[in-house]
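Asker: have a look; sequence and predicted model below, questions after that.
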Amino acid sequence: MKIVIIGGTGLIGSKTVERLRKKGHEVVAASPNTGVNTITGEGLTEALAGADIVLDLANSPSFADRDVLEFFQTSGKNLLAAEAAASVKHHIALSVVGTERLQESGYFRGKLAQEELIRKSPIPYTIVHSTQFFEFLSGIAEPGTVGDKVHLSPAYVQPIASDDVADAMAEVALAPPVMGTVEIAGPEKVRLSDLVGRYLKATNDPRSVVVDAHARYFGAELNDESLVPGLDPRLGSIGFEEWFATAPRRK
């Protein structure tokens, strides 16, 4: 089968491309730096010619509220229109666990707008809701940093490694459309403040965590249900220690 991966050169995209190519499929890693741009439409028609399946793994380059909404609306409309013209049989999008619960956040409003476009499209689809990636722990700590303190919510999270996400995306790509949402998560449920504290300690970061129930996550206040999956999610196998032991180190 021909499978096009939008965002195919990114963290999840590149790993998913590798997995599907190993299974013998023709896989196109589509992104602006390979000449495919879902905002301008450049290269979309050519990339999708003869495609059976499209995975949308792209993310907004800016997290400003207006930019995120414009990105997901414009990209979603252009991509779905091009897929309809190419008679694509399955559209798959990677989204976030808790999207519908976190509409205080401009980022999650953008993701919900993307999901609504998919549900209204005539193309069979699967939306994958993932929990937070371990690889983004540093970025999660930054917005709450004041001096040498990191203010973080104690809400529960169930983080997942990018390798487990890529495994799940490859599996979904080769399965029939579910016409709904599936959830994926890591093996350990832990408080966000505790998890980032473990990460800072493991990286010898001098900052300390301040537990703050009102600390915002991408602009939204959290509770213990905000970022965790519901019943029967697909669970990855890689926990924090195993992930950290093999993760590339940032200077």
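Answerer: Structure received. Residues are numbered from 1 along each chain as shown.
Asker: which regions of this structure sit below the pLDDT cut-off?
Answerer: Low-confidence segments of the chain (pLDDT under 70): 249-251.
Asker: what about the strands in it?
Answerer: When secondary structure is read from DSSP state E, the chain shows strands at 2-6, 26-30, 53-56, 90-96, 125-130, 145-146, 149-152, 156-157, 180-185, 190-191, 208-211, 216-217, 220-221, 234-235.
Asker: could you dump those strands into CSV and include mean neighbour count?
Answerer: C-beta here means a position set from N, CA and C on the backbone, and glycine is covered the same way. Shown next, in CSV, are the strands of the chain (neighbours: other CB atoms under 10 Å):
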stretch, mean neighbour count
strand 2-6, 24
strand 26-30, 22
strand 53-56, 27
strand 90-96, 23
strand 125-130, 23
strand 145-146, 10
strand 149-152, 20
strand 156-157, 23
strand 180-185, 20
strand 190-191, 16
strand 208-211, 15
strand 216-217, 20
strand 220-221, 17
strand 234-235, 16
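Asker: columns distance to residue 166 on top of the ones you listed, output as CSV?
Answerer: Putting the strands of the chain into CSV (distance: least, CB to CB, whole Å) gives the following:
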stretch, distance to residue 166
strand 2-6, 10
strand 26-30, 12
strand 53-56, 11
strand 90-96, 10
strand 125-130, 11
strand 145-146, 29
strand 149-152, 27
strand 156-157, 20
strand 180-185, 11
strand 190-191, 22
strand 208-211, 29
strand 216-217, 24
strand 220-221, 27
strand 234-235, 13
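Asker: quick one: which of these is nearest residue 243?
Answerer: The closest of those to residue 243 is strand 190-191. By CB to CB, the value is 12.8 Å.
Asker: what helices and strands are in contact with the closest one?
Answerer: Judged by 3 or more CB pairs under 8 Å, 6 or more residues apart in numbering; DSSP states H and E, strand 190-191 is in contact with strand 156-157.
Asker: strand partners (parallel or antiparallel) of the strand it packs on?
Answerer: Pairing partners of strand 156-157, with direction, according to DSSP bridges: strand 190-191 (antiparallel).
Asker: which of the strands of the chain sits closest to residue 245?
Answerer: Distance to residue 245, taken as CB to CB, is lowest for strand 190-191 among those, at 17.3 Å.
Asker: hmm, who's touching the closest one?
Answerer: 154-159, 240 (CB atoms under 8 Å, 6 or more residues apart in numbering).
Asker: please name the residues that touch residue 92.
Answerer: Remark: with contacts taken as CB under 8 Å, 6+ apart, residue 92 is in contact with 53-56, 125-128, 169, 172-173.
Asker: how close does it get to residue 75?
Answerer: Counting by CB to CB, to the nearest Å, the gap between residue 92 and residue 75 amounts to 15 Å.
Asker: so residue 62 is in contact with residue 69, correct?
Answerer: No - proximity of residue 62 to residue 69 does not meet the contact threshold set by CB atoms under 8 Å, at 10.7 Å.
Asker: okay, those two: which has more neighbours?
Answerer: Neighbour count, other CB atoms under 10 Å: between residue 62 and residue 69, residue 69 has more, with 19 against 10.
Asker: and for the residue lying closest to the more buried one once chain neighbours are set aside, the neighbour number?
Answerer: Counting by CB to CB, 6 or more residues apart in numbering, residue 110 is the residue found nearest to residue 69 once chain neighbours are left out, at 4.5 Å. Other residues near residue 110 come to 24 when the count uses other CB under 10 Å.
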